[in-house]
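A.B. asks: Dropping a prediction and its sequence here:
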Amino acid sequence: ILLDKDGKRKHTRPTFSGQQIFALEKTFEQTKYLAGPERARLAYSLGMTESQVKVWFQNRRTKWRKKHAAEMATAKKKQDSETERLKGASENEEEDDDYNKPLDPNSDDEKITQLLKKHKPAGGGLLLHPPEGEASV
């Protein structure tokens, strides 16, 4: 028995065996809450007090909720980033629609120039006239 500085009994934390933890975890997978008789049976079969089983389940539920909340937050971030990616893709499609529309012969040259610059191929673009000395095919 441990005593604190005032000579009172000091509470010690119980250590559970691997077998006890395994049985508690298996039971927790099946049900997150134990009724009184279930708790009493489990405590008796594991050589624990009902209070220890009750507190273990309370702590385990807290751990489970935190993990579940973290998983939900991660899933939400992933969903939000996918939504943003799709939103950006649809905005680009709208911009491409301008490029794919037939040009109005009365359109101002500045608009045509901007569209061509915006959608210039990586290879440098089309040659409208072959270099001097080369025949067009």
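C.D. replies: Good, I have the coordinates. Numbering: from 1, shown residues only.
A.B. asks: C-alpha from now on. contacts and neighbour counts both.
C.D. replies: Fine.
A.B. asks: And the worst-scoring helix or strand of the chain on mean pLDDT, what does it pack against?
C.D. replies: Within the chain, no helix or strand scores below helix 109-118, which has a mean of 71 by mean pLDDT, DSSP states H and E. Applying 3 or more CA pairs under 8 Å, 6 or more residues apart in numbering; DSSP states H and E, one finds that helix 109-118 makes contact with no other helix or strand.
A.B. asks: Convert the C-alpha atoms of it to CSV, please.
C.D. replies: What follows is helix 109-118, C-alpha atoms only, in CSV (Å, rounded to 0.1, in the frame of the first residue of the first chain):
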residue,chain,number,x,y,z
ASP,A,109,-7.9,41.4,-83.1
GLU,A,110,-6.9,41.8,-79.4
LYS,A,111,-9.4,39.2,-78.3
ILE,A,112,-8.1,36.7,-80.9
THR,A,113,-4.5,37.4,-79.9
GLN,A,114,-5.4,36.8,-76.2
LEU,A,115,-7.1,33.5,-77.0
LEU,A,116,-4.2,32.3,-79.1
LYS,A,117,-1.6,33.2,-76.4
LYS,A,118,-3.7,31.6,-73.7
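A.B. asks: what helices or strands is the helix or strand hosting Ala70 leaning on?
C.D. replies: Per DSSP states H and E, Ala70 falls inside helix 50-100. Packing partners of helix 50-100 (3+ CA pairs under 8 Å, 6+ apart): helix 36-46.
A.B. asks: Tell me how many other residues crowd Tyr44.
C.D. replies: Neighbour count of Tyr44, defined by other CA atoms under 10 Å: 13.
A.B. asks: for Ala35, that is, sorry about that
C.D. replies: Ala35 has 8 neighbours, counted by other CA under 10 Å.
A.B. asks: repeat for the one 5 residues further on
C.D. replies: Number of residues near Ala40 (other CA under 10 Å) recorded here: 18.
A.B. asks: Pretty sure it sits against Ser51.
C.D. replies: No - checked against CA atoms under 8 Å, the pair Ala40 and Ser51 is beyond contact range at 9.3 Å.
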